[in-house]
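Asker: predicted model and sequence follow; I will ask about them next.
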Amino acid sequence: MTSLATLSRSKADSPSDQASPEVRTLAERVFHQLQDAIVRGELAPGSKITEPGLSKTYGISRGPLREAMRRLEAHRLIERVPHVGARVVKLSMKELLELFDVREALESMAARLAAEHMSAEEIKGLREVLALHEGQADLKRGEAYYQREGDLDFHYRIVQGSHNKMLMNLLCDDLYYLVRLYRTQFSASGKRPQLAFVEHHRIVDAIEAGDAELAELLMRRHVSASRANVADRYAAVLEQQSTPSAD
């Protein structure tokens, strides 16, 4: 299946026409390395990033690095701050809750449409993704539930199954990487992994049964639970950061 991320990343995401094939290949590699580091929290939210620092870390020249950073900025994973430079995006609690409010509304709609439009082959592919997730060591240990991007991401496949291009653009392009960042860092670990996995199966059952109303309800509850968990964990992090060190 063609990854929708490949289809939906348009002008803002494609390398410069002047860039050589070698530069584009290097930029692609570094983009994915940095994106993964940001999503996993290895590059912390709000942390400053510089071209010299990244160039040294990844052993890459400035040209490909600038292209990779431009793509990260287009995906809202980094932002340019006047008189500061580039830094990893960091949402306020209000912004984070607003993001999940939008996600709850749109993803529940996507689940309803998926129940109406997903083919048997697409549903089979969705179950295969869950089977792949079930075999992950982190989920087995109940420690985390890390989903890779695109076609290996359960929520991404649901949006694809909606067959609604507007939803695809909003959830698989405009908001996808930002949602994935906070979902991974604050909802994919702790007590949520096993519960989230069970909820995923119930959503697929409703979609396969063609029960659009139930699929929408289950997805809404699922994202709402994720929102509450993310909010609690993010609040704890903020409190920890604001507490003076004993040293």
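Answerer: Received it, and whenever you're ready, just let me know what you need. Everything numeric in this text was worked out from a predicted model, so none of it was measured.

Asker: wait, doesn't Arg227 sit right on Met93?
Answerer: No. Using Cβ atoms under 8 Å, Arg227 is not in contact with Met93; the gap is 11.6 Å. Heads up, the C-betas are built off the backbone N, CA and C, glycines and all.

Asker: looking at the two, which is more packed in?
Answerer: Neighbours per residue (other Cβ atoms under 10 Å) separate Arg227 from Met93, with Arg227 holding more: 20 against 12.

Asker: sec struct for the more buried one, please.
Answerer: Secondary structure assignment for Arg227 (DSSP: H, G, I helix; E, B strand; the rest coil): helix.

Asker: contacting residues around the closest residue to it other than its chain neighbours?
Answerer: Leaving aside its chain neighbours, Arg227 sits nearest to Phe100 (3.9 Å; criterion: Cβ to Cβ, 6 or more residues apart in numbering). Residues near Phe100 by Cβ atoms under 8 Å, 6 or more residues apart in numbering: Tyr182, Val223, Ser226, Arg227, Val230, Ala231.

Asker: rerun at 10 Å
Answerer: Listed by Cβ atoms under 10 Å, 6 or more residues apart in numbering, the contact set of Phe100 reads Glu107, Val179, Tyr182, Arg183, Ser187, Val223, Ser224, Ser226, Arg227, Ala228, Val230, Ala231.

Asker: try Ala209
Answerer: Contacts of Ala209 (Cβ under 10 Å, 6+ apart): Ala115, Ala215.

Asker: got a PyMOL select line for the buried ones in the contacts of Phe100?
Answerer: The buried residues among the contacts of Phe100 can be selected in PyMOL (16 or more other Cβ atoms under 10 Å) with this line:
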select buried, resi 107+179+182+183+187+223+226+227+230+231
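
Asker: among the contacts of Phe100, find the lowest-pLDDT one for me.
Answerer: Taking the contacts of Phe100 together, the minimum pLDDT is found at Ser187 (60).

Asker: quick one: Glu42 from Leu181, how far?
Answerer: Distance from Glu42 to Leu181, counting by Cβ to Cβ, to the nearest Å: 12 Å.

Asker: name the nearest residue to the spatially most central residue of the chain, sequence neighbours excluded.
Answerer: In the chain, the residue lying closest to the centroid (Cα atoms, centre = their mean) is Arg180, at 1.8 Å. In space, and not counting its chain neighbours, Arg180 is closest to Val39: 5.8 Å by Cβ to Cβ, 6+ apart.

Asker: and His200, by the same measure?
Answerer: By the measure of Cβ to Cβ, 6+ apart, the closest residue to His200 outside its immediate chain neighbours is Phe154, 5.3 Å from it.

Asker: returning to that earlier point: please flag which of the contacts of Phe100 sit within helices.
Answerer: Glu107, Val179, Tyr182, Arg183, Val223, Ser224, Ser226, Arg227, Ala228, Val230, Ala231 (DSSP state H).

Asker: in contact with Gly59, which residues?
Answerer: By Cβ under 10 Å, 6+ apart, the residues touching Gly59 are Leu26, Val30.

Asker: how about low-confidence regions in this protein?
Answerer: 1-24, 138-149, 187-191, 244-247 (pLDDT under 70).
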